[in-house]
Each structure stands twice: as C-alpha cells, then as structure tokens.
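*Asks:* got a structure for you, letters missing:
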Ligand SMILES: [Fe+2]
C-alpha cells in the first residue's frame, strides 16, 4: 500500500514534468545568462535491502556520521569500515535509525551510524548494512591547508549535475551548503531522488549543511512544525556543539570554526539560537581555530532585486555578535546568483567586519536571479547571475584564497577570486579600547 502510494505520486510528478518541460538552449558559443535546467529524477536502482542515498558528515573532531536509506525495514544500521579496499574491514559500528510519515508518504528506513575515531587526511573504505557497494571517503586534514567547496541552493537539475561535476573536477576536503538542498517542496519522493543524485559526491566527502526556506515544508493541519524530512535525513552535529536544535550548530575542522545558523527558526535576542550563538562565539579559541566562518541562508547583504530585505531582521539581531567576535567570512544562499562584498559592518565598509558572499547559484529549478539594483553599491565588489560554485582554500593561520567558478567555463577557469587575510592578522581589530572606534569608511 505504501509503495503503491509512492508510485502514484511519482507518476503524477512525471506527468506534470512532461506537461511543463523547461527548454534548454545551448549557451556554448556566446556567454549569456543560463535558463533554469531541466529537472533530473534519479531512480532507485538497487535492491530494497541495499543502501541508497549514502552521505557522510563530520561529528566531533575525529568521527563521521554515515547516513543512508533502505526500503527494507529489516536492514541493519551498521557500518563496516577500514583503510583497506575490498571488504577487509578493521572496524564496525552500530547506529540508529528513523523514519517518518508526511501526508500520504512513508519514508524508507533512514540509518545514521557514527564511525571513528578516524585518522586525519586518510582514505577509508566502508560498507553500509552489511551488503551493497563499497564506498570510500577521505577525512579532512588535521591542519592547514584545507579546501572547502561552497554551494548553495543546489536542487536537482541539469545545472545541479553540472555544478557537482565542476566541484569534483578538483579535490577538496569538505562540502559546505548554506541551505536549500532538494527543492522537494513537500513532494517527499524528491528527497529520495536528491539523495541518490548527490550520493556519488556526498558519500566521498563530508557534506555540512544548514537549512533554507525549501527545507521548511510546513503543511496546514498535518505538518505544522516543519523540517520533518530535513531533520530526519540530514542530522547535524548540533549536540556536540551544545545546540538543542538541528537547525543551528557549529563544528571545527582543520583550524576553522564553522557556525551554521538557521534563517528559518527564531533568532531574536530572546531566542535559544541567539543564546547559543553568544555561548558558541565565546568558546572560540583563535589559537586553535584562527578562522571563523558563518553560513546562513537569507543574505544580510544583497544588491540583487530578488529577496531584498529578507535577511534584514536576522542581521539586525545578530550582526553585532559576529562583528564583535571578528568573524572572518559569512556565506549565504537564497538569491540565485553570485555576489562578493567587501568587509562590512552595519552597512559600512569596515576592515574588522566579515567578508560577505552570496553563493545561491548551485543549479536549482527556479533559475537565476537576473536583476540587480543600480547604481552598484560600493560595498559590492563582484556580482553575477550565473550557475557555479565557490572554493575557500585556507592556506594557513593568516591567508586564504576564495574563488568562484562558473559552470559555463572550463574547470580551470576562475571567474572571480581574492586573497583574504584572517582578522587575527589585524592587531587594530583586537584592541578592545578601539573596538568601537574602528574607522568606518562611510560610503
Ligand atoms: Fe532559498
């Protein structure tokens, strides 16, 4: 009965997609704005007891959570793993499982198993549930350099596939996603399709995500609280960072403290998220993690006409906290385009503020946000509505390289890039007497 319901829903989606196909025109010769890509449904092609939708995420300093789904409710939540390829596994961990109902949809068995301790910068091979294909991943390095791939508003279209292919064309350590994953938008089988689409990438490198508006999925009466699929399928290491919610958390990797904020849960100064953020920023040790990076979904700074002002109330609530803590970088998504700002605090260029980047151009079905406000704000240093991804390579305690890569270009081409110095490099930003006297360049 459950499978029949799923099958009926899938047939309905396929029918709708046939009725409203999105036309793709070749953009190869003359570069211009790309249209939204055709939706890709990734089918389930393994047996019911074999793992599908395998993805991994960091937990604590030397553990990894392995997550996957089986149709078979009796499949075991166990992961065998080791450094040798070919089924000779040195270790085995048991974990937990969950499932959820959403309207007429019943999810498969969703497994989550934490494995470790793991050695840094090491290739591991693993098998989920005792059967099915062998997967492999590489753990992040213990120290710098480390490279992050940063992609927002991913979805599951031909552009998504193109973005992921570009990301994979050069090695990286950790994938960061500032919200809007599957664009299932209440159609739960599309979460399964998304999991299968990203498996070849998300099973190899840890994917660390925060939520966007497309993860909310509230339905009147039946689903009043939201985030059911997201919380069930993409658990984050929130308990490890003292957070009571899967919607905001932090983690440390290779000298970098990364904070994932929630744009779609409470953030006012009376909220649990605010209290947690104050506490988390207070625990940052710049000797251990010289770099501090924040990800959130709705941008606080944005000169695109799309989603103007949507991040403003969160900015007003939390910007002071990030500024006082000398956060180095803030990545956002939501606006389907790329934009890089200078260091900013309270709408002014400020050498002690974070550098803001909008990277919501991963490839979702809604297409690009083409219109920008004019004249260009002097705070905005580069803006372009094209599908692509970013890479943050932190070289050492003081220097990092940020680059943005368009999907229309060859893998080696960099459309925008900049060297960044960490704020610990600037003594003038740490003199508490001058903390509020830092010269703002009024613009
Ligand atoms: Fe969004």
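*Replies:* That came through, no problem. Note that the coordinates shown come from a computational prediction; the quantities given were computed from them, not determined experimentally. Residues are numbered from 1 along each chain as shown.
*Asks:* use CA for all of it now, contacts and neighbours both
*Replies:* Fine.
*Asks:* wouldn't residue 82 be in contact with residue 89 here?
*Replies:* Yes. Using CA atoms under 8 Å, residue 82 makes contact with residue 89 at a distance of 4.8 Å.
*Asks:* where do the contact lists of these two overlap?
*Replies:* Between them, residue 82 and residue 89 share these contacting residues under CA atoms under 8 Å, 6 or more residues apart in numbering: 125, 126.
*Asks:* Mind checking which of those two has more residues around it?
*Replies:* Neighbour tally, residue 82 and residue 89, criterion other CA atoms under 10 Å: the higher count belongs to residue 82, 20 against 17.
*Asks:* Give me the mean pLDDT for stretch 134-152.
*Replies:* Per-residue pLDDT values over stretch 134-152 give a mean of 98.
*Asks:* With stretch 196-208 instead?
*Replies:* The average pLDDT for stretch 196-208 rounds to 98.
*Asks:* and the chain, which residues reach the ion?
*Replies:* Near the ion, the residues belonging to the chain are 213, 334 when assessed by CA under 5 Å from the ion.
*Asks:* What residues does the closest residue to the ion within the chain make contact with?
*Replies:* Using CA to the ion, the closest approach of the chain to the ion is made by residue 334 at 3.5 Å. Contacts were defined as CA under 8 Å, 6+ apart; by that measure residue 334 touches 152, 153, 179, 180, 212, 297, 298, 299, 307, 358, 360.
*Asks:* Using CSV, lay out these together with neighbour count, distance to residue 240 and secondary structure.
*Replies:* Putting the contacts of residue 334 into CSV (neighbours: other CA atoms under 10 Å; distance: CA to CA, whole Å; DSSP: H, G, I helix; E, B strand; the rest coil) gives the following:
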residue, neighbour count, distance to residue 240, secondary structure
152, 35, 24, coil
153, 32, 26, coil
179, 30, 21, coil
180, 27, 23, coil
212, 27, 22, coil
297, 30, 22, coil
298, 29, 25, coil
299, 28, 26, coil
307, 15, 33, coil
358, 30, 28, strand
360, 35, 28, coil
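*Asks:* Tell me where the stretch 301-443 of the chain has helices.
*Replies:* 312-324 (DSSP state H, counting those that start in this stretch).
*Asks:* all strands in it, in order from the N-terminus.
*Replies:* Shown for the stretch 301-443 of the chain, the strands assigned by DSSP state E, counting those that start in this stretch span residues 329-332, 338-345, 348-349, 355-359, 380-384, 388-394, 399-406, 416-421.
*Asks:* So which of the ones you listed is nearest residue 98?
*Replies:* Comparing the strands of the stretch 301-443 of the chain by their distance to residue 98 (CA to CA), the top pick is strand 329-332, with 29.9 Å.
*Asks:* quick one: low-confidence ranges for the protein?
*Replies:* Low-confidence regions of the chain, defined here as pLDDT under 70, cover residues 1-34, 432-443.
*Asks:* Residue nearest the middle of it, spatially speaking?
*Replies:* Nearest to the centroid of the C-alpha atoms of the chain, with distances taken as CA atoms, centre = their mean, sits residue 177, at 1.2 Å.
*Asks:* Break down the stretch 51-200 of the chain into its strands, ranges please.
*Replies:* Per DSSP E, counting those that start in this stretch, the stretch 51-200 of the chain has strands spanning 52-59, 63-70, 78-82, 91-94, 96-98, 101-102, 105-106, 109-115, 123-128, 135-138, 146-150, 174-177. These are given in chain order.
*Asks:* mind putting those strands in TSV, distance to residue 256 included?
*Replies:* Formatted as TSV, these follow (distance: least, CA to CA, whole Å):
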stretch	distance to residue 256
strand 52-59	13
strand 63-70	16
strand 78-82	26
strand 91-94	28
strand 96-98	29
strand 101-102	37
strand 105-106	39
strand 109-115	22
strand 123-128	21
strand 135-138	18
strand 146-150	9
strand 174-177	12
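*Asks:* quick one, which of the ones you listed is nearest to residue 263?
*Replies:* Nearest to residue 263 among these is strand 174-177 (13.5 Å), distances taken as CA to CA.
*Asks:* strand partners of that closest one, parallel vs antiparallel please.
*Replies:* Sheet neighbours of strand 174-177, with direction, are listed as strand 146-150 (parallel), strand 207-209 (parallel) (DSSP bridges).
*Asks:* possible to save these as JSON lines with mean neighbour count?
*Replies:* JSON lines is the format used below for the strands paired with strand 174-177 (neighbours: other CA atoms under 10 Å):
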{"stretch": "strand 146-150", "mean neighbour count": "22"}
{"stretch": "strand 207-209", "mean neighbour count": "24"}
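*Asks:* Can I get the ones you listed in JSON lines including distance to residue 93?
*Replies:* What follows is the strands paired with strand 174-177, written out as JSON lines (distance: least, CA to CA, whole Å):
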{"stretch": "strand 146-150", "distance to residue 93": "28"}
{"stretch": "strand 207-209", "distance to residue 93": "20"}
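*Asks:* so which of these gets nearest residue 407?
*Replies:* strand 146-150 (13.8 Å).
*Asks:* quick check, distance from that closest one to the centre of its chain.
*Replies:* Averaged C-alpha coordinates place strand 146-150 at 11 Å from its chain's average position (CA atoms, centre = their mean, to the nearest Å).
*Asks:* Next, the angle strand 399-406 makes with it.
*Replies:* On the basis of axes from the mean of the first three to the mean of the last three CA atoms, to 10 degrees, strand 146-150 is oriented at 30 degrees to strand 399-406.
*Asks:* residues in contact with strand 146-150?
*Replies:* Residues from elsewhere that reach strand 146-150 (CA under 8 Å, 6+ apart): 140, 167, 172-178, 254, 359, 389-395.
*Asks:* Stretch 158-174 now?
*Replies:* Outside stretch 158-174, the residues that touch it by CA under 8 Å, 6+ apart are 36-40, 138-141, 146-149, 154, 201, 205-208, 362-364, 387-389, 407, 411.
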